[in-house]
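# quick one: sequence plus predicted model below, questions after.
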Amino acid sequence: MSQLVYCRFPASLITVTRKVLVSALLWQLAAPAQQLADSAVHPKLIPTLWVQTSEEWRAVCVQSFRLATHLLDQALRDKKWTAAVEQQDKYRNLPPAVVLDIDETVLDNSPSQAREVRRGGAFEATPWAQWVSESAANAIPGAVEFCRYAASRKVAIFMVSNRDAPMETATRLNLTKLGFPNNDFPDSVLLRGEKPEWTSDKGTRRAWIASTHRILLLIGDDLGDFLSGVRTTVENRRALTDAHADKWGRRWIMIPNPSYGSWEDAVYPEPRPQNPAERLTRKLERLRTQ
């Protein structure tokens, strides 16, 4: 016959045990939130570190501009060659040009992103404007050399950026300090808002250049540097890219930018979630495991 045994524990031990059990229960309830928090390391930490420390990033940038140099020579020999979908006819005898984006294509803004990571916040207009005003960005590896070569071949260099128009003076100073050529005539740097029709979609600016120059190459870090209408779904962006598959590595050169771009909004439903946790949830939902 079994007997019940009663043990008397100190009240302090019972209190501690109760706290441990409650804490364990709360931890179990919070496990999904903790997993989310573990994934919520600042979204630009790893890409910024990759850009600033990896030889892989430097190598692919140099490789891209070396390819661009090789293609430039081919394009100069072929009067039918144009890189811009906005350029349709009557361009064969126009003077040649190349069109490049600025941020993360010729200028490395990873220090600005590093400041963002250290602040622990999201992109903000005021710190960004402060960074631009410093004219302190380094050149993307290979960019200066390519632009100097293009200039030596009498090819005009246009830079089309979604920096705001008031940033032009600081931007030009930064480019000049780094030794980029062809930066002294008024219309070589085309920023958003300089004309009413120059919106964040760069198609109107590419068309403006195409009216006076034969565009040999487009070089950028975002799909919008090559095409209009890229702020759409992941599936539509894929279709756009595939529709112009013959241009990649031939007339269009993409520079790697893992930190930001029009691709990011494509993973969200419209409108873009304002809450960072919700944005993270949407990104996690987009991940494929097979």
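Now that the structure is in, tell me what you want to look at.

# where does the stretch 1-150 of the chain dip in pLDDT?
In the predicted model, the stretch 1-150 of the chain carries pLDDT under 70 at residues 1-40.

# which stretches of it form helices?
11-39, 45-53, 55-77, 110-119, 125-133, 143-152 (DSSP state H, counting those that start in this stretch).

# low-confidence ranges, the stretch 151-290 of the chain, go.
In the stretch 151-290 of the chain (pLDDT under 70), the answer is 182-186.

# would you map the strands across it?
Secondary structure of the stretch 151-290 of the chain by DSSP state E, counting those that start in this stretch: the strands cover 156-164, 189-192, 214-220, 252-254.

# which neighbouring elements make contact with the shortest one?
With contacts defined as 3 or more Cβ pairs under 8 Å, 6 or more residues apart in numbering; DSSP states H and E, strand 252-254 has these neighbours: helix 55-77, strand 214-220. For the C-beta atoms, the positions are set from N, CA and C on the backbone; glycine is no exception.

# now do it: distance to the chain's middle.
Computed by Cα atoms, centre = their mean, to the nearest Å, the chain-centroid distance of strand 252-254 equals 14 Å.

# which outside residues touch that strand?
Under the contact criterion Cβ atoms under 8 Å, 6 or more residues apart in numbering, strand 252-254 has outside partners 64-65, 67-68, 71, 83, 217-221, 226, 244, 248.

# if you set the cut-off to 10 Å instead, what comes out?
With contact meaning Cβ atoms under 10 Å, 6 or more residues apart in numbering, strand 252-254 is reached by 60, 63-65, 67-68, 71, 83-84, 98, 100, 105, 146, 217-223, 225-227, 241, 244, 246-248.

# just to revisit the earlier point, got JSON lines for the helices and strands packed on strand 252-254, with distance to Phe158 and mean neighbour count too?
Listed next are the helices and strands packed on strand 252-254 as JSON lines, based on distance: least, Cβ to Cβ, whole Å; neighbours: other Cβ atoms under 10 Å:
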{"stretch": "helix 55-77", "distance to Phe158": "14", "mean neighbour count": "16"}
{"stretch": "strand 214-220", "distance to Phe158": "8", "mean neighbour count": "25"}
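
# include distance to Pro273 when you put these into JSON lines, please.
Output for the helices and strands packed on strand 252-254, formatted as JSON lines (distance: least, Cβ to Cβ, whole Å):
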{"stretch": "helix 55-77", "distance to Pro273": "29"}
{"stretch": "strand 214-220", "distance to Pro273": "27"}
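
# minimum distance to Lys195: which of the ones you listed has it?
Evaluated over the helices and strands packed on strand 252-254, closeness to Lys195 peaks at strand 214-220, with 18.6 Å, by Cβ to Cβ.

# quick one, which of the helices and strands packed on strand 252-254 is nearest to Gln290?
helix 55-77 (25.8 Å).

# quick one: that closest one to helix 143-152, angle?
10 degrees (axes from the mean of the first three to the mean of the last three Cα atoms, to 10 degrees).

# export helix 55-77 as CSV, just CAs?
Written as CSV, here are the backbone C-alpha positions of helix 55-77 (Å, rounded to 0.1, in the frame of the first residue of the first chain):
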residue,chain,number,x,y,z
GLU,A,55,37.0,40.9,-51.9
GLU,A,56,34.1,39.3,-53.8
TRP,A,57,32.3,42.6,-54.0
ARG,A,58,35.4,44.4,-55.2
ALA,A,59,36.1,41.7,-57.8
VAL,A,60,32.6,41.7,-59.3
CYS,A,61,32.7,45.5,-59.6
VAL,A,62,36.1,45.5,-61.3
GLN,A,63,34.9,42.7,-63.5
SER,A,64,31.7,44.6,-64.5
PHE,A,65,33.6,47.7,-65.5
ARG,A,66,36.2,45.7,-67.4
LEU,A,67,33.4,44.1,-69.4
ALA,A,68,32.0,47.5,-70.0
THR,A,69,35.3,48.7,-71.4
HIS,A,70,35.4,45.8,-73.8
LEU,A,71,31.8,46.4,-74.9
LEU,A,72,32.4,50.1,-75.4
ASP,A,73,34.9,49.3,-78.2
GLN,A,74,32.4,47.0,-79.9
ALA,A,75,29.7,49.6,-79.7
LEU,A,76,31.8,52.4,-81.2
ARG,A,77,32.4,50.3,-84.3
